[in-house]
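> need the 3D shape of this:
(one chain, ligands or ions: 3)
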Amino acid sequence: MFLINCGQELTKNMKKHVYLRTFGCQMNVRDSEVVAGLMKKAGFALTDDETKAGIVIFMTCSVRQHAEDKVWSEIGRISKPGRKNRGAGSVRPVIGLIGCMAQNYRERVFERAPSVDFVVGPADIDKIPGIVKKILEHRSVSKQACGLFDLKIWETDGLGRPEHIYHTGFYEEKGHAYAVISEGCSNFCTYCIVPYVRGPVRHRNAQDIIDEINKAVAGGITRFTLLGQNVNSYRSPDPLNGKPVDFVSLLKHVNRIEGVEEIGFITSHPRDTTPRLFEAMAEFDKVRKYLHLPVQSGSDRILRAMNRGYTRQEYLKLAREYRRIVKGGILTTDIIVGFPGETKEDFCLTRDIVRDTEFDAAYIFKYSPRPNTQAEMMGDDVPRSEKERRHKVILDLQRAISRAKKEALLNSESNL
Ligand code: SAH
Ligand code: SF4
Ligand code: F3S
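Ligands and ions are numbered 1, 2, ... in the order given. All right, here's what the predicted structure looks like:
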């Protein structure tokens, strides 16, 4: 798609500087590092000052409507001529929308936000430096011939990521790195857009993950978080003997790497989590005693409608086993309130599971219908005010639990 352009040209310095803003989960945080690493390798520099950047990239999230709304409004703000700190008549930067929203809207992004220059989905992020260069070149040529057109590029059909993108050595934090172990998700929880925007699950080869971690250790990093939508479904051939390795064996391999001091992981899906993982957490000295185990609902009827693959009782049993085996371990969760058809009785079951499990923290979300998902077809029948009420009930309850736990901890420490 092409649009008319007759603006000024970006300065040489601006053409070099990239401002990258990240929305969404840790996967996106890691993907932004990957993009930053690739851009640096291609000769660009990063800046925290949006006004100095000739290239502005939004790494986006589609998990709830609210997450998308924030990005549309940011793009609107940045596209305004003469916006704050840029001065009147300022040049519009090259704007990229990448990540999950890019995959959700594809080229339709240009209709909704005509100032966006490129759209790149999660499986195509390796192509970003080349795309940016192409757009910058085109802008110079079109400026000289004033009146030519803006070039719009979208890449959303990639099937996978080349392994090399994980090896640029760029990590945002000093001592900590995220390491992707699995991309995508094939679980199709009925409310969730992730399988549609991130594609089916693909596990990275264990040897590649270990190589990445070894290199990061050589660069001074000691703490790692292994990332996947469902880390417990991890499978790959063992680097030592070619036999399949599962997540617990991968943890064992990483635990053995010299220089690694701490290993965390997110997210665990209750369907694939077993006490064997808890035993490994208790045994492997470097593994953090922290488990994020999203329950989503306490009602079997709703869990079934969500396609979660476990019952309330199975979840409670897992939580009990975790607490028994991983002494003093932290347990956190995610909850959705107002899923289609959630009655007051269903909701009370969720409230009770939060009360009884005494999570260390809970992230509570109001159900948001997502395009193409099965739940979208179920109708969004819990009124917004009722979702808000339910959200507040769980939030207040969890706050009281967290406060009581903190006080108990402080008291036990002061008795030492
Ligand atoms: N892979 C992780 C979660 C990824 S999304 C897992 O399976 O647990 C993070 C959280 O967002 C989910 O756990 C869920 O609680 C919430 N979420 C996902 N889709 C949602 C939707 N349509 N509406 C509201 N919350 C949603
Ligand atoms: Fe979404 Fe379910 Fe996959 Fe998590 S496991 S990303 S909630 S489909
Ligand atoms: Fe959002 Fe994509 Fe993560 S939809 S939650 S950024 S995988």
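
> around ligand 1, pick out the residues from the stretch 251-400 of the chain.
Contact residues, the stretch 251-400 of the chain versus ligand 1 (Cβ under 6 Å from any ligand atom): Thr267, His269, Pro294, Gln296, Asp334, Ile336, Phe365, Tyr367, Ser368, Arg370. Yep, even glycine has a C-beta here, placed from its N, CA and C like the rest.

> as CSV, the residues you listed with secondary structure, pLDDT and neighbour count would be great.
Listed next are those as CSV, based on DSSP: H, G, I helix; E, B strand; the rest coil; pLDDT from 0 to 100; neighbours: other Cβ atoms under 10 Å:
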residue, secondary structure, pLDDT, neighbour count
Thr267, coil, 96, 19
His269, coil, 97, 20
Pro294, coil, 98, 20
Gln296, strand, 98, 23
Asp334, strand, 98, 14
Ile336, strand, 98, 27
Phe365, strand, 98, 17
Tyr367, coil, 98, 20
Ser368, coil, 98, 19
Arg370, coil, 98, 22
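
> nearest to ligand 2, of the residues you listed?
The shortest approach to ligand 2 among these belongs to His269, at 5.3 Å (Cβ to the nearest ligand atom).

> which residue is the nearest non-sequential neighbour of that closest one?
Asn230 (4.1 Å; Cβ to Cβ, 6 or more residues apart in numbering).

> how near is the residue nearest to Val382 when sequence neighbours are not counted to Ile364?
Excluding its sequence neighbours, the residue lying closest to Val382 (Cβ to Cβ, 6+ apart) is Gly338, at 3.8 Å. As defined by Cβ to Cβ, to the nearest Å, Gly338 lies at a distance of 11 Å from Ile364.

> the two: which has the busier surroundings?
A count of neighbours by other Cβ atoms under 10 Å puts Gly338 above the other of Gly338 and Ile364, at 22 against 19.

> residues contacting that one?
Each residue near Gly338 by Cβ atoms under 8 Å, 6 or more residues apart in numbering is listed here: Lys366, Tyr367, Val382, Glu386, Lys387, Arg390, His391.

> chain center to the helix or strand that the last one is a member of, what's the gap?
The one in question is His391. Assigned by DSSP states H and E, His391 belongs to helix 384-414. With Cα atoms, centre = their mean, to the nearest Å as the basis, helix 384-414 stands 25 Å off its chain's centre.

> which other helices and strands contact that helix?
When contacts are defined as 3 or more Cβ pairs under 8 Å, 6 or more residues apart in numbering; DSSP states H and E, helix 384-414 packs onto strand 330-337, helix 344-357, strand 361-366.

> which residues do Gly338 and Ile364 both contact?
Overlap of the contact sets of Gly338 and Ile364 (by Cβ under 8 Å, 6+ apart) consists of His391.

> name the residues of the stretch 151-300 of the chain found near ligand 2, please.
So the stretch 151-300 of the chain meets ligand 2 at Cys185, Asn187, Phe188, Cys189, Cys192, Val194, Pro195, Gln229, Asn230, His269 (Cβ under 6 Å from any ligand atom).

> so which of these are also by ligand 3?
Answer for those near ligand 3 (Cβ under 6 Å from any ligand atom): Val194.

> and which of the residues of the stretch 151-300 of the chain next to ligand 2 is nearest Ala218?
Nearest to Ala218 among those: Gln229, at 28.8 Å, using Cβ to Cβ.

> skipping adjacent residues, who's closest to that closest one in space?
Per Cβ to Cβ, 6+ apart, closest to Gln229 is Cys185, 3.9 Å.

> that neighbour: what's it in contact with?
Contacts of Cys185 by Cβ under 8 Å, 6+ apart are Cys192, Val194, Pro195, Arg198, Pro200, Val201, Gln229, Asn230.

> now do Leu291 against ligand 1, distance only.
For Leu291, the distance to ligand 1 (Cβ to the nearest ligand atom, to the nearest Å) stands at 12 Å.

> run through the residues that contact Val197.
Each residue near Val197 by Cβ under 8 Å, 6+ apart is listed here: Ser62, Cys100, Met101, Gln103, Asn104, Gly121, Pro122.

> thank you kindly, that will do.
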